[in-house]
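[1] fold the following for me, if possible:
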Amino acid sequence: MRKNISSGSPWEDVVGYSRAVRIGNVIEVAGTTAMDGDVLVGKGDVYTQTHYIFTKIEKALTEAGASMEDVVRTRMYITDITRWEEAGKAHGEFFKDIKPVATMVEVSNLIDTGLLIEIEVSAIVGSR
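    Coordinates of the predicted model:
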């Protein structure tokens, strides 16, 4: 059975996507940014954006019946790879003991120039 999780963003209907989708015990969380409605959280601050994004992802996972402990993979798209340690610090705060596989790649830009990082995760409920 499929369960779509919505963030409430009007773009979900326009573009045709969900914040997260759960099928069976697998949950995929879409690329998530530091936007809170129309407000950018952590302008110019990779650490703050990353931390905020993981709190948004955690909320989506909870709604899907999972937790951060169920995360098996993270994918981080950062606009300036020289700032990887800032993102890595926030990642470590959430996943220090869980240790999912992680990918971080530099991208030329994201949908808004203020966005410094976008993150998606994969989770398997009961994997821990």
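[2] top helix in this structure by residue count?
    Identified as the longest helix of the chain according to DSSP state H is helix 46-63.
[3] for Asp38, grab phi and psi.
    When read as degrees, to the nearest 10, the backbone of Asp38 gives phi -100, psi 10.
[4] and the helix or strand bottoming out on mean pLDDT in the chain, how far from the chain's centre?
    Lowest by mean pLDDT, DSSP states H and E among the helices and strands of the chain is helix 11, with a mean of 81. Distance, stretch centre to chain centre, for helix 11: 17 Å (CA atoms, centre = their mean, to the nearest Å).
[5] thinking again about what came up before, hmm, who's touching the longest helix of the chain?
    5, 7, 19-20, 27, 29, 32-34, 36, 41-42, 67-68, 70-71, 76, 78, 80, 83, 86-87, 89-91, 93-94, 115-119, 121, 123 (CB atoms under 8 Å, 6 or more residues apart in numbering). Backbone N, C-alpha and C define where each C-beta goes, glycine included.
[6] in helices, which of the residues you listed fall?
    Counting by DSSP H, the contacts of helix 46-63 place Glu86, Ala87, Lys89, Ala90, His91, Glu93, Phe94 in helices.
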